[in-house]
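Enquirer: got a predicted structure plus its sequence, pasted below:
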Amino acid sequence: MSDINLWDLGGKGDGTNESAILTAAIATGQQIFIPYMRKDLSGPATWYFPAQYNLTSPVVIVGDKRKPLVKQGGAPLFVIRSNHCVIENIMFDQSAQTSELHCTIIFDTNFSHSIKGTRIRHCHFGIGQDLSTILGGYRSIADNGGTIVVNSTTVNTEIVDANISDLVIWGAKSCPLYFTRFHASVYLDQITVDFTRNTTTAINYAGLYINGVGPGGEADPGGYGTAGVNMTYVAVQGAGNGTKAAGGNGFEIKNAFAVDMTLCRADGCAGNGFVFKNLIGCQFTNLVGSQCDLNQYYLTGLNRCTFTSPFAGGCRGKTGASSSQDGFGVLGGCSRLIVTGLRVIDATGRGLRVNDSNSNQFVGLNISDCLGNGFEETGTSNYNIFGAGFTDANGPYNGVVKGSGTIVENIIRASGVAANSATSPPAVAITVPASF
């Protein structure tokens, strides 16, 4: 496929409305090249495209490797409705977004049930020309806003072999990466969402939000509609305005299965670092939750998921943080989890909390300097295993177990463990080695 340069169609890159130029380029069916410089070579270009472009056939849009500046207007910019669309090497100025509906890129699965082979790579979002006033994607809970959005009003639509990588999203005021009601393979790699300059506006949802709502809605236990999401090196930094709003989470992923996350992190979020809800058969490796104002990890309704070497760095001493945040919270309805190599430090509450959850394994614990108990069972928890680790908390106990079938093995601690502290099952049902 030969390239067509926007200069060849009369484009100037001078900041004036050149929507017709891009429309004409798309109509050629050729690969579109966006130059970094103005046509008169007087300086870097600003390509202003205030129109909405519905990509109903394969379109490849590639910028100069220096990332030319493309400014969208008061409308969604690219609405992907076809297979094999590519968007690469562009710096997007989102400062004209004034409505919840002004997404930059939308996967429109209402138009096409299946969208395959999309590539969005090497792009920056939210960068205005005046870098001291950075604006980003805006959304409210009720609407479909954001930077990159997959949102369908039907269920079980397909996004197949989508690769979204090497992105930087600055200063977003809402949910920049929003995926719901879809399944199949999506790859997210080397993405940074930076909210640190957003100091006045609370965040709705999260830096990255995935909700695989099924046919019966969120309450449908068989309605998991999202599968096959793979994430590596995705980071969310500083969501929200420090008000501990529940919507200021780093990551929120729910109603899904076969999600794989590796080397992802949430730092300094106003809500929770990671929220995982109603997930089956997922794998999480080397996640980092640090300095988030609520829990670093908030898990509910997980089944047969594994966590390998998660780290939770709490908010002890941080102004504005919750006084009872847990490092790793297993907070209801979780079963058959395998958590190995968990490290928690400086939680203002418990290092590891297991509430109303059964038949889970926590092995290789390293919990220290938490203001609450090191690990603690609450509610109806039972038949959990805590083993092979170290706990040195500053709370009343390094460990509190409740269930009559719970086992504690090979835990080195600095002070006592209260077995069956809340109810009356006999302590002999708890396996506690002599060294404990």
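Expert: Happy to help now that I have it. Numbers count the residues shown, from 1 in each chain.

Enquirer: not counting sequence-adjacent ones, nearest residue to Cys264?
Expert: Val234 (4.6 Å; CB to CB, 6 or more residues apart in numbering). For glycine as for every other residue, the C-beta is placed from the backbone atoms N, C-alpha and C.

Enquirer: which residues does that neighbour form a beta bridge with?
Expert: Ile191 (DSSP bridges).

Enquirer: what's the burial count for it?
Expert: Close neighbours of Val234, defined as other CB atoms under 10 Å, add up to 25.

Enquirer: spit out the contact partners of it.
Expert: Leu188, Asp189, Gln190, Ile191, Thr192, Val193, Leu208, Phe251, Met261, Cys264, Arg265 (CB atoms under 8 Å, 6 or more residues apart in numbering).

Enquirer: do you know how far the closest residue to Val59 other than its chain neighbours is from Val60?
Expert: Sequence neighbours aside, Cys85 is the residue nearest to Val59 in space, at 5.1 Å (criterion: CB to CB, 6+ apart). Noted for Cys85: a distance of 7 Å to Val60, by CB to CB, to the nearest Å.

Enquirer: so between these two, which is more surrounded?
Expert: Cys85 (24 against 17).

Enquirer: for the stretch 201-350 of the chain, which spans come out with low pLDDT?
Expert: 201-205, 213-226, 239-247, 317-323 (pLDDT under 70).

Enquirer: show me the strands in it, by range?
Expert: 206-211, 226-237, 249-262, 265-267, 274-280, 283-285, 288-290, 297-300, 306-308, 311-313, 328-331, 338-340, 343-345 (DSSP state E, counting those that start in this stretch).

Enquirer: and these as JSON lines, adding distance to Cys103?
Expert: Formatted as JSON lines, these follow (distance: least, CB to CB, whole Å):
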{"stretch": "strand 206-211", "distance to Cys103": "13"}
{"stretch": "strand 226-237", "distance to Cys103": "18"}
{"stretch": "strand 249-262", "distance to Cys103": "18"}
{"stretch": "strand 265-267", "distance to Cys103": "23"}
{"stretch": "strand 274-280", "distance to Cys103": "22"}
{"stretch": "strand 283-285", "distance to Cys103": "28"}
{"stretch": "strand 288-290", "distance to Cys103": "28"}
{"stretch": "strand 297-300", "distance to Cys103": "27"}
{"stretch": "strand 306-308", "distance to Cys103": "32"}
{"stretch": "strand 311-313", "distance to Cys103": "33"}
{"stretch": "strand 328-331", "distance to Cys103": "32"}
{"stretch": "strand 338-340", "distance to Cys103": "36"}
{"stretch": "strand 343-345", "distance to Cys103": "37"}
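
Enquirer: same question for the strand or helix carrying Leu188, mean pLDDT?
Expert: Using DSSP states H and E, Leu188 falls within strand 186-194. Strand 186-194 carries an average pLDDT of 87.

Enquirer: how many degrees apart are that strand and strand 206-211 in direction?
Expert: Interaxial angle of strand 186-194 relative to strand 206-211 (axes from the mean of the first three to the mean of the last three CA atoms, to 10 degrees): 150 degrees.

Enquirer: between strand 186-194 and strand 226-237, how many degrees?
Expert: Using the same axes, to 10 degrees: strand 186-194 against strand 226-237 is 20 degrees.

Enquirer: alpha carbons of strand 186-194, as PDB, please.
Expert: Output of strand 186-194 as PDB, limited to C-alpha atoms (Å, rounded to 0.1, in the frame of the first residue of the first chain):
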ATOM      1  CA  VAL A 186      -6.900  -7.500  23.600                       C
ATOM      2  CA  TYR A 187      -3.300  -6.700  24.300                       C
ATOM      3  CA  LEU A 188      -2.400  -3.700  26.400                       C
ATOM      4  CA  ASP A 189       1.400  -3.000  26.700                       C
ATOM      5  CA  GLN A 190       3.600  -0.200  27.900                       C
ATOM      6  CA  ILE A 191       0.800   2.300  28.800                       C
ATOM      7  CA  THR A 192       1.100   5.100  31.300                       C
ATOM      8  CA  VAL A 193      -1.900   7.000  32.600                       C
ATOM      9  CA  ASP A 194      -0.800  10.000  34.500                       C
END
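
Enquirer: can you list the helices and strands that that strand packs against?
Expert: In terms of contacts (3 or more CB pairs under 8 Å, 6 or more residues apart in numbering; DSSP states H and E), strand 186-194 is packed against strand 162-170, strand 177-180, strand 206-211, strand 226-237.

Enquirer: what about 7 Å?
Expert: Contacts defined by 3 or more CB pairs under 7 Å, 6 or more residues apart in numbering; DSSP states H and E place strand 186-194 against strand 162-170, strand 226-237.

Enquirer: the closest residue to Ile253 other than its chain neighbours: what's it in contact with?
Expert: Ranked by CB to CB, 6+ apart and with sequence neighbours excluded, the top spatial neighbour of Ile253 is Ile210, at 4.5 Å. Shown in contact with Ile210 (CB atoms under 7 Å, 6 or more residues apart in numbering): Phe179, Thr226, Val229, Ile253, Ala256.

Enquirer: from Thr262, how far off is Gly364?
Expert: 18 Å.

Enquirer: what is the burial count for Leu41?
Expert: Leu41 has 8 nearby residues by other CB under 10 Å.

Enquirer: separation between it and Asn286?
Expert: 47 Å.

Enquirer: again, but for Val160
Expert: Taking CB to CB, one finds Val160 at 27 Å from Asn286.

Enquirer: check Thr300 too.
Expert: Separation of Thr300 from Asn286 (CB to CB): 22 Å.
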